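**Q** take a look and give me a structure for this.
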Amino acid sequence: MPDRTEGRHEESPDAPERFDAEAVRRILHRAAEVDQRLESQRGASYSLEEVEEIATEVGISREAVRAAVQADRDETAPGKTRRGVLAWLEERLPQSWSRNSKHTALTVLGLGLFLLVVSLPGVGPIVLWATILTLLILMLLVLFGVLI
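**A** Presented below is the predicted three-dimensional model:
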């Protein structure tokens, strides 16, 4: 049976309990597991007050949180859906990427295709026609409501 006092430092009965690095790691690991279980039971949703409290703990002001919430509401409001091929491509990029990262990736992809067309005369026309054909197919899919 493991020693329950392992990782604890006994100094005197009146001194606050202290833990070594390994004990802290174990305790925080268990606490994170418990928190994850509780979060999944709650449905992992938070009230505005809870979001503000979390933000305050990491140094973000309540005003900044409220502004971000309002911007998110404005962006995701009904009737505010973004349409178009670029929006469709952007949605297919990893969700963990920021919007600026997605735009950068799409810009680099576009520039890469342009450089390929310009630098390789034999490949250029093939890429050009493949791009035109792909865009036509995408436009037809959008027109018939299959995409977006």
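
**Q** roughly how far apart are E57 and V65?
**A** Between E57 and V65 the distance, using Cβ to Cβ, to the nearest Å, works out to 12 Å. Heads up, the C-betas are built off the backbone N, CA and C, glycines and all.

**Q** those two: which is more packed in?
**A** It is V65, of E57 and V65, that has more neighbours when counted by other Cβ atoms under 10 Å, with 17 against 8.

**Q** am I right that the more buried one is in a helix?
**A** Yes - under DSSP: H, G, I helix; E, B strand; the rest coil, V65 sits within a helix.

**Q** so for it, what's the pLDDT?
**A** You'll see V65 listed with a pLDDT of 88.

**Q** which secondary structure state does the residue nearest in space to the middle of the chain sit in?
**A** By Cα atoms, centre = their mean, the mean C-alpha position of the chain lies nearest to S96, the distance being 2.9 Å. For S96, the secondary structure call by three-state DSSP comes out as coil.

**Q** check contacts around it.
**A** For S96, no residue counts as a contact, taking Cβ atoms under 8 Å, 6 or more residues apart in numbering as the criterion.
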